[in-house]
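Peer 1: Sequence and predicted model, in that order:
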Amino acid sequence: RIRTWIDQVVRQDEIDPYLEQGKPFINEERIWREIASGSNPTPERVRDILKKSLEIQSLSPEETAVLLNVKDRQLLREMADTAARVKQKVYDSRIVTFAPLYLSNHCVNSCLYCGFRQDNGGMKRSRLSMEEIRRETEALAGKFGHKRLIVVYGEHPDSDIDFMEKSINQIYQVRAKTRKGHGSIRRVNVNAAPMSVEKLRRLKNVGVGTYQVFQESYHPGTYSQAHPPGTLKGNYLWRLFSMHRAMDAGIDDVGIGALFGLYDWRFEVMGLVHHARDLERRYNGIGPHTISFPRLEQADNAPFLNDMKYRVSDEDFLKIITILRLAVPYTGLIITAREPAHIRDKAVKLGVTQMDASTRIGLGAYSRETDGQEISSQQFMLGDTRSLEELIGDLADMGCITSFCTAGYRIGRTGERIMKLLRECHEGDFCRMNAVITFREWLDDFASPEIKVRGEALIARELAGINRDLPKYQGKFRPMYDSTCRGKRDLYL
Ligand code: SAM
Ligand code: SF4
């Protein structure tokens, strides 16, 4: 049964149309030439490139390569400062928060770095039942106060599109009791294996927000080493064009990523930039909605981790974030709880826009009374186990407001519309107001008295800012904010 299913997944007729003269947009030799051509850049050249980023224009691969080659301390500082300014210009001081929810860890693949790989006999396997999904969602929306999830599936016939549809529908239906009424999950993003256009259309129809697939490594040789040929995931091109197919299926918020530590990080950054540019070129300027840059973490029984030749240092990791912020200035940047708190805090300053919190990646772990991590049922180990409330407090200390906004895809601000607004720095106007409304909800429904005090100060600052900078929206915004204070929920602009 599984073999028959596997044989039907990859469709060559959904790879070929995206090739140009038989070739994909990633060309190994060209990337190395580009990296070499950027070496020893003059300060003037670097500063010209930074100016372009500040105008919220995507950088070309050649320009990105110049930044990859910067070693001068002063110029590196200027890059970090510019990245922070780009973030401020496009996203202000908001951080969007979410939680991952693992729904099934059955997998037919054997990625050599992942605890879920089929060959790992020690892994406890399960797929959550609809009742378990209801309980997990109740905990997430009722106990923690989350509004956005990313659901994660292994690749297996039992967690294929039928199960995805059912599980996402189940999540959207849950109404969990809170202090002032009920809480619910309003945006479900998905991290799942590449699919055909037909399955992606079904995913779109069930109401997903962003669809994420990480290429893991853009370097074809490394990709083959980490993903045994003959397995489904062993097909590099099927994965490389998964976002193209998603766009063609009508999902226009797509999330790309690379797993840093598999190969030379400079090559992977170039791969991500080529990917973003190819999407922009083919889909009316619509690039990735988000970019993720997970670093390889310790996983159970994962042979790739024995030889960490390409381990990325903290210093290089922060440089990766800086360069991505500058190269694709409009895109959301996600840093997950794989990373320790001190690195996540630094990343916020450099331009990250989304973080998870209260994260548990063991199956069924949100509704269980445990805070611990259990490697025998987790994909990898977490570095930051702060609760949502702790994270909100720490972000407040850095001057950042946590946003639970889910308006974008519900109001149709996706794809081309959102890209235009982001590039013109106007998406922030809506996000800014929605951040305050949703933060107000969270403070009233979930915050402890101590966090409430700190939160009120943030809200006062934001209200004054909105009053000053966005007078034309006051007539719409203020009544919504006031109704929210009186207990009305889920209002947005
Ligand atoms: N099975 C689907 C796939 O592989 O695309 C989706 C889920 S997979 C669980 C999500 C992501 O986890 C992978 O794309 C990979 O980048 C990441 N991952 C796997 N093993 C990891 C590890 N040891 N450390 C950090 N991230 C890891
Ligand atoms: Fe399966 Fe995804 Fe893990 Fe690979 S990374 S073994 S496809 S769950």
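Peer 2: Everything's here; your move. Ligands and ions are numbered 1, 2, ... in the order given.

Peer 1: the helices in the stretch 201-350 of the chain, which residues?
Peer 2: 220-226, 236-240, 242-248, 265-282, 314-327, 341-350 (DSSP state H, counting those that start in this stretch).

Peer 1: want to try TSV for these, with mean pLDDT as columns?
Peer 2: Output for the helices of the stretch 201-350 of the chain, formatted as TSV (pLDDT from 0 to 100):
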stretch	mean pLDDT
helix 220-226	96
helix 236-240	98
helix 242-248	98
helix 265-282	98
helix 314-327	98
helix 341-350	96
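
Peer 1: Any chance you could note which residues of this structure sit beside ligand 1?
Peer 2: 113-114, 116, 152, 154-155, 191-193, 213-214, 216, 259, 294, 296-297, 299, 302, 338, 379-380 (CB under 6 Å from any ligand atom). The way it works is simple: take the backbone N, C-alpha and C, and place the C-beta from them, glycine included.

Peer 1: just to revisit the earlier point, ok, which of the helices of the stretch 201-350 of the chain comes nearest residue 25?
Peer 2: Nearest to residue 25, of all the helices of the stretch 201-350 of the chain, is helix 265-282, at 4.1 Å by CB to CB.

Peer 1: what's the angle between that closest one and helix 314-327?
Peer 2: Here the directions of helix 265-282 and helix 314-327 differ by 20 degrees (axes from the mean of the first three to the mean of the last three CA atoms, to 10 degrees).

Peer 1: Does anything pack onto helix 265-282? Which helices or strands?
Peer 2: Counting contacts by 3 or more CB pairs under 8 Å, 6 or more residues apart in numbering; DSSP states H and E, helix 265-282 packs against helix 28-37, helix 61-68, helix 242-248, strand 254-257, helix 314-327.

Peer 1: Pipe the ones you listed into a markdown table and attach distance to residue 408 and mean neighbour count per row.
Peer 2: Formatted as a markdown table, the helices and strands packed on helix 265-282 follow (distance: least, CB to CB, whole Å; neighbours: other CB atoms under 10 Å):
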| stretch | distance to residue 408 | mean neighbour count |
| --- | --- | --- |
| helix 28-37 | 32 | 15 |
| helix 61-68 | 27 | 23 |
| helix 242-248 | 16 | 24 |
| strand 254-257 | 13 | 24 |
| helix 314-327 | 20 | 21 |
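
Peer 1: so which of those gets nearest residue 77?
Peer 2: helix 314-327 (10.3 Å).

Peer 1: Restricting the selection to alpha carbons, write the closest one to PDB.
Peer 2: Provided in PDB are the C-alpha atoms of helix 314-327 (Å, rounded to 0.1, in the frame of the first residue of the first chain):
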ATOM      1  CA  ASP A 314      26.600  32.000  16.300                       C
ATOM      2  CA  GLU A 315      28.400  34.900  14.700                       C
ATOM      3  CA  ASP A 316      27.800  33.500  11.200                       C
ATOM      4  CA  PHE A 317      24.200  32.700  12.000                       C
ATOM      5  CA  LEU A 318      23.500  36.400  13.000                       C
ATOM      6  CA  LYS A 319      25.300  37.400   9.800                       C
ATOM      7  CA  ILE A 320      22.900  35.100   7.800                       C
ATOM      8  CA  ILE A 321      19.900  36.900   9.400                       C
ATOM      9  CA  THR A 322      21.400  40.300   8.600                       C
ATOM     10  CA  ILE A 323      22.000  39.500   5.000                       C
ATOM     11  CA  LEU A 324      18.600  37.900   4.400                       C
ATOM     12  CA  ARG A 325      16.900  41.000   6.000                       C
ATOM     13  CA  LEU A 326      18.900  43.200   3.500                       C
ATOM     14  CA  ALA A 327      18.500  41.000   0.500                       C
END
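
Peer 1: sorry, back to before: quick one, which of the helices and strands packed on helix 265-282 is nearest to residue 131?
Peer 2: The minimum distance between residue 131 and the helices and strands packed on helix 265-282 falls on strand 254-257, with 29.3 Å, by CB to CB.

Peer 1: pLDDT of the closest one, averaged?
Peer 2: The pLDDT scores in strand 254-257 average 98.

Peer 1: That one: partners in the sheet, and parallel or antiparallel?
Peer 2: strand 208-212 (parallel), strand 290-292 (parallel) (DSSP bridges).

Peer 1: where does this protein dip in pLDDT?
Peer 2: Within the chain, the stretches with pLDDT under 70 are 369-372, 374-377, 427.

Peer 1: and the residue nearest to the spatial centre of it, what is it in contact with?
Peer 2: Centroid check for the chain by CA atoms, centre = their mean gives residue 334 as the closest residue, at 4.3 Å. Residue 334 makes contacts with 255, 257, 290, 291, 292, 352, 353, 354, 355, as judged by CB atoms under 8 Å, 6 or more residues apart in numbering.

Peer 1: how much space between it and residue 293?
Peer 2: Noted for residue 334: a distance of 8 Å to residue 293, by CB to CB, to the nearest Å.

Peer 1: Are there residues contacting both of the two? Which ones?
Peer 2: residue 257.

Peer 1: could you redo the strands paired with strand 254-257 as TSV and give each row distance to residue 346?
Peer 2: Below are the strands paired with strand 254-257 laid out as TSV (distance: least, CB to CB, whole Å):
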stretch	distance to residue 346
strand 208-212	23
strand 290-292	17
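
Peer 1: Make TSV out of those strands and add distance to residue 283 and mean neighbour count.
Peer 2: Formatted as TSV, the strands paired with strand 254-257 follow (distance: least, CB to CB, whole Å; neighbours: other CB under 10 Å):
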stretch	distance to residue 283	mean neighbour count
strand 208-212	14	25
strand 290-292	15	24
